[in-house]
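Undergrad: Sequence and predicted model, in that order:
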Protein chains: 2
Amino acid sequence: MRARMGNEVVVGIEDDGERREEDDFDLKSFLPYLLNQAAEQAGTSFQRIYKARYGMLRTEWRVLFHLGRYGPMTAKAIGLRTRMHKTKISRAVAALEARRYLTRTELENDRRLERLELTAAGRKAYEDLSRHAREHDAELMAQFSPQEQDVLRRCLGQLAGF
Amino acid sequence: MRARMGNEVVVGIEDDGERREEDDFDLKSFLPYLLNQAAEQAGTSFQRIYKARYGMLRTEWRVLFHLGRYGPMTAKAIGLRTRMHKTKISRAVAALEARRYLTRTELENDRRLERLELTAAGRKAYEDLSRHAREHDAELMAQFSPQEQDVLRRCLGQLAGF
DNA sequence: TCCTATTGGTTGTAAATGTAACTAACAAGA
DNA sequence: TCTTGTTAGTTACATTTACAACCAATAGGA
């Protein structure tokens, strides 16, 4: 079993017959891997924006977005829409509240629930970030044809379970 | 500003005109979000397999896969292929070594490098898991037409930077 | 009413990750 | 040789996440 590994960059593929040649399965074509790498790549550049500008985490940005886009709602409602675990939401809400981006109001008919609502500052952050998000989305999509864009969104939506 | 939040399931969309109507931008069509949700969904079901059967993490499965599929190589080489951070790789390798799935051999021409190679047990795990991966991939893709599959793989590959 | 189950939300703890600092080995010039 | 810089890999620490236990409020009977 020769190794072919010097001190130069080694991609590391053996060619000594030990490799099963009928095996054409590659990580690069494995859908979960592809999705993951694409998501990481696409997510990172946008993350830089909300992290640098507002010191937010992804969970916080999502909660902010939901409240900004769809109006006041309870944490439970956010959970139903995003499938984020309730502990994530709880902590994101706490962080946003600490930074005065939202307020909570106990509901009178069920005191377990809280109405979450953006403050003016929260709304401003949402407006700013959603503008950036839109731009970012457009940039990412620009490299594809309209048909590709359509297929991509539909397939991903289906995979995501929307 | 009415809130429409009773104790039943509330999706939480306000319809009181506060919403900017020209704003048709939705999280569900935001590519990074879509990618993330799809990746999480697709990843979770496969994760169950390698987690339940071998108690592995995703990083460990990836290292195992690389060594199984492409043969012995150094940690550095794995890093170049997967873009995983070297600390992740270091820990994954340590975990796989502890479970006797791989061995390390210092290279004689550069003692900083280690040749990583699967043991028989490691190879067996790889064979088993890659079979499952293939199945899983096929299942996921089965819901799409051949053209869609093609577009999907190409676009994702491009987004991932392959 | 009381009892039990369920629900919305929070908190504690362990596991996983990111970042930076570190060690040891090599490289390249003076 | 010595010095400086770079590289492969590990370790330490802080941040983030997952999971389970928990609390308080409500619901739905007996």
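TA: Noted; the coordinates are in hand.
Undergrad: buried residues in the helix or strand containing A:Glu148?
TA: In the assignment (DSSP states H and E), A:Glu148 maps to helix A:146-160. By neighbour count with 16 or more other CB atoms under 10 Å in any protein chain shown, helix A:146-160 contains the buried residues A:Glu148, A:Gln149, A:Val151, A:Leu152, A:Arg153, A:Cys155, A:Leu156, A:Leu159, A:Ala160. Every C-beta, even on glycine, is put in place using the N, C-alpha and C of the backbone.
Undergrad: ok, so what distance separates the last one from DNA strand C?
TA: Translated: A:Ala160. Distance, A:Ala160 to DNA strand C, using CB to the nearest atom of the strand, to the nearest Å: 21 Å.
Undergrad: Might you report the residue contacts of that residue?
TA: A:Ala160 makes contact with B:Leu34, B:Gln37, B:Ala38, B:Glu40, B:Gln41, according to CB atoms under 8 Å, 6 or more residues apart in numbering or on different chains.
Undergrad: my read: the last one touches A:Gly157, true?
TA: No: B:Gln41 is beyond contact range of A:Gly157, at 10.7 Å (criterion: CB atoms under 8 Å).
Undergrad: quick one, phi/psi of A:Leu116?
TA: When quoted as degrees, to the nearest 10, the phi and psi of A:Leu116 stand at phi -100, psi 130.
Undergrad: Between helix A:146-160 and the longest helix along chain A, find me the angle.
TA: Ranked by residue count and defined by DSSP state H, the top helix of chain A is helix A:31-54. Taking axes from the mean of the first three to the mean of the last three CA atoms, to 10 degrees, one finds helix A:31-54 and helix A:146-160 inclined to each other by 100 degrees.
Undergrad: Using CSV, write out every CA atom in helix A:31-54.
TA: Provided in CSV are the C-alpha atoms of helix A:31-54 (Å, rounded to 0.1, in the frame of the first residue of the first chain):
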residue,chain,number,x,y,z
LEU,A,31,-27.1,15.9,-1.1
PRO,A,32,-27.0,16.4,2.7
TYR,A,33,-23.3,17.4,2.3
LEU,A,34,-23.9,19.6,-0.6
LEU,A,35,-26.8,21.3,1.2
ASN,A,36,-24.7,21.8,4.2
GLN,A,37,-21.7,23.3,2.4
ALA,A,38,-23.9,25.6,0.3
ALA,A,39,-25.8,26.7,3.4
GLU,A,40,-22.7,27.4,5.3
GLN,A,41,-21.2,29.3,2.4
ALA,A,42,-24.3,31.3,1.8
GLY,A,43,-25.0,31.9,5.4
THR,A,44,-21.5,33.1,6.4
SER,A,45,-21.5,36.2,4.2
PHE,A,46,-24.8,37.3,5.5
GLN,A,47,-23.8,36.5,9.0
ARG,A,48,-21.0,38.9,8.8
ILE,A,49,-23.5,41.7,8.2
TYR,A,50,-25.8,41.2,11.2
LYS,A,51,-22.9,40.2,13.4
ALA,A,52,-20.8,43.2,12.6
ARG,A,53,-23.6,45.7,12.6
TYR,A,54,-25.7,44.5,15.4
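Undergrad: For it, which residues meet the burial criterion?
TA: A:31-43, A:46-47, A:49-50, A:54.
Undergrad: ditto for stretch A:87-98
TA: A:Lys88, A:Ile89, A:Ala92, A:Val93, A:Ala95, A:Leu96.
Undergrad: Now the phi/psi pair for the fifth one, please.
TA: Same thing as A:Ala95. Dihedral angles (degrees, to the nearest 10) for A:Ala95: phi -70, psi -40.
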